[in-house]
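Chemist: build me a model:
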Amino acid sequence: MKLDWQTAGDVTRNTKSLELWHEKQKHIADVIRDDDTNHLKINTYGNEIDLTVLQDVIELALDQLGAFEDGTPLTEATLFQKVVP
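Modeler: Just a heads-up that it's a prediction; the model follows:
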């Protein structure tokens, strides 16, 4: 299956996204940079996506989305969730 991507901005929500698209022009996932909270998140819209594809998409997003609006690198994103061992 061929997947394509593009970046998009939303001025109202103050976000920039890397969108993942299925070859049949179905929008299947986003990696979203929220400049109000310096938060990164992924939305798969309930789609099952291979883990290695998600890892590639995250790396691509970190490269393509640039730093947060205030200059903070994406690698220093605010965390709102935590995995408990």
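
Chemist: what's opposite the residue sitting nearest the centre point of the chain in the beta bridge?
Modeler: Nearest residue to the geometric centre of the chain (C-alpha atoms, centre = their mean): V31, 1.0 Å. Taking DSSP bridges as the rule, V31 bridges to L18, I42.

Chemist: my read: it touches L18, true?
Modeler: Yes: using C-beta atoms under 8 Å, V31 is in contact with L18, at 4.6 Å. Any C-beta I mention is one placed from the backbone N, CA and C, and that applies to glycine too.

Chemist: shared neighbours, those two?
Modeler: Listed as contacting both V31 and L18 by C-beta atoms under 8 Å, 6 or more residues apart in numbering are 57, 61, 65.

Chemist: restricted to helices, list those residues.
Modeler: If you go by DSSP state H, the shared contacts of V31 and L18 have 57, 61 in helices.

Chemist: could you dump the shared contacts of V31 and L18 into a markdown table with pLDDT and neighbour count added?
Modeler: Shown next, in a markdown table, are the shared contacts of V31 and L18 (pLDDT from 0 to 100; neighbours: other C-beta atoms under 10 Å):
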| residue | pLDDT | neighbour count |
| --- | --- | --- |
| V57 | 94 | 21 |
| A61 | 95 | 23 |
| L65 | 96 | 19 |
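
Chemist: so how far is E23 from the spatially closest residue to T72 that is not a sequence neighbour?
Modeler: In this structure, T72 finds its nearest non-sequential neighbour in N38, 5.4 Å apart by C-beta to C-beta, 6 or more residues apart in numbering. Distance of N38 to E23, given as C-beta to C-beta, to the nearest Å: 33 Å.

Chemist: if anything else comes up later, I'll come back, but that's it for now.
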